[in-house]
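> Turn this into a structure:
(one chain, ligands or ions: 1)
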Amino acid sequence: MVARKPLIAGNWKMNLNHLEAIALVQKIAFSLPEKYYAKVDVTVLPPFTDIRSVQTLVDGDKLLLSYGAQDLSANDSGAYTGDVSGPMLAKLGCTYVAVGHSERRQYHAETDEVVNKKVRAAIKHGIKPILCVGEQLEVREAGGHIEHTTGQLIAALKGLKADQVKEVVVAYEPVWAIGTGRVATPADAEEVCAALRAALSDKYGAELAEATRVLYGGSVKSGNIAELVACDNVDGALVGGASLDGEEFTKLCALAAGGPLP
Ligand SMILES: O=C(CO)COP(=O)(O)O
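Numbers count the residues shown, from 1 in each chain. Got it, this is the predicted structure:
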């Protein structure tokens with residue numbers, strides 16, 4: 001069995017201007033001692049307008065955390081007003097990009113087909129997609145969550161070869177747990193993360209599935225991260241609200257690394 005290093009990704013969503021972004025990254029860098037990075041990878045996903053400032057800080061101070069974006073265009077360039085492309089993000093040194101977040105699916109009508117194109121665009125430009133899947137409350141209540149999430153996963157990876165799929169980080173984010181304070185139980189998270197890994201194994205082989213990181217997201221905080229990452233198939237978290245507070249996010253990263261608190 002491959003040991004997977006946990007990843008904590010802070011999805012800032014549409015919060016913090018570029019000055020506030022600098023202050024938050026400085027706070028994390030100052031609060032989380034370097035030794036923790038041996039046991040946890042830490043990344044932040046600021047709004048596009050903040051990325052250049054975060055890049056300057058991370059490069060200038062040789063910080064150990066990485067950064068990325070919350071979305072990208074499926075196209076490389078051209079007449080797509082308001083969009084930001086993979087080549088632009090790659091030039092800014094982005095390690096990751098979230099793709100298929102439920103807020104993109106809901107407010108921007110992103111289908112599995114669009115998500116598939118975006119996953120391809122990210123990989124083409126050397127950026128690791130954090131591919132988000134997750135069911136609505138009614139789907140869970142009807143018992144369809146495994147079929148729904150594995151279906152979204154396989155659709156988003158359609159046509160990709162194994163050497164492309166190995167660049168992907170999967171994130172299970174049940175829609176009913178996002179921003180609601182209603183976290184999935186560790187057993188719920190483990191059930192779906194294990195099913196997602198099994199779906200990867202069926203399609204791309206056990207070795208690839210064992211090496212792929214599957215994160216959980218939805219109301220993750222310092223108070224629940226330890227029990228989530230203790231699950232065999234949960235390899236870290238995609239964190240929304242709690243990633244905007246430097247102290248809380250630092251605690252969460254330290255706990256994902258196995259502690260102690262700094
Ligand atoms: O959507 C999320 C991360 O991408 C989760 O958001 P919250 O942590 O605020 O519930």
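> from here on, contacts and neighbour counts on C-alpha atoms
Noted.
> in the helix or strand hosting residue 88, what counts as buried?
In this structure, residue 88 sits in helix 86-91 according to DSSP states H and E. Residues 86-87, 89-90 are the ones in helix 86-91 that count as buried (16 or more other CA atoms under 10 Å).
> Off-centre distance for it?
18 Å (CA atoms, centre = their mean, to the nearest Å).
> Using CSV, write out the CA atom coordinates for the lowest-mean-pLDDT helix or strand in the chain.
Using mean pLDDT, DSSP states H and E, the weakest-scoring helix or strand in the chain turns out to be helix 137-141, at a mean of 95. Output of helix 137-141 as CSV, limited to C-alpha atoms (Å, rounded to 0.1, in the frame of the first residue of the first chain):
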residue,chain,number,x,y,z
LEU,A,137,-29.1,16.2,-0.2
GLU,A,138,-32.0,14.6,-2.1
VAL,A,139,-29.6,12.2,-3.9
ARG,A,140,-28.1,11.2,-0.5
GLU,A,141,-31.5,10.7,1.1
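> Show me what it is packed against.
Applying 3 or more CA pairs under 8 Å, 6 or more residues apart in numbering; DSSP states H and E, one finds that helix 137-141 contacts no other helix or strand.
> List of residues touching it?
145, 148, 174-176 (CA atoms under 8 Å, 6 or more residues apart in numbering).
> Mind checking which of those land in helices?
145, 148 (DSSP state H).
> related to what we said a few turns ago, can you narrow the buried residues of helix 86-91 to ones near the ligand?
Residues shared between those and the neighbourhood of the ligand: none [CA under 6 Å from any ligand atom].
> distance of the residue of the chain most remote from its centre from residue 162?
Distance from the C-alpha centroid of the chain, by CA atoms, centre = their mean, peaks at residue 79 (28.4 Å). Residue 79 sits 32 Å away from residue 162, taking CA to CA, to the nearest Å as the criterion.
> how about residue 158, phi and psi?
Taking degrees, to the nearest 10, you get phi -50, psi 130 for the backbone angles of residue 158.
> Just confirm it contacts residue 117, I think it does.
No. The pair residue 158 / residue 117 is not scored as a contact, 9.3 Å apart, by CA atoms under 8 Å.
> circling back to that earlier point, identify, from the buried residues of helix 86-91, the entry nearest to the ligand.
Lowest distance from the ligand to those (CA to the nearest ligand atom) belongs to residue 89, with 18.7 Å.
> and that closest one, what is it in contact with?
Residue 89 neighbours (CA under 8 Å, 6+ apart): 68-69.
> So what's the predicted local confidence for it?
pLDDT for residue 89: 98.
> Ok, the one 5 residues further on next?
If you check residue 94, the pLDDT there is 98.
> any idea how far it is from residue 72?
For residue 94 relative to residue 72 (CA to CA), the value is 11 Å.
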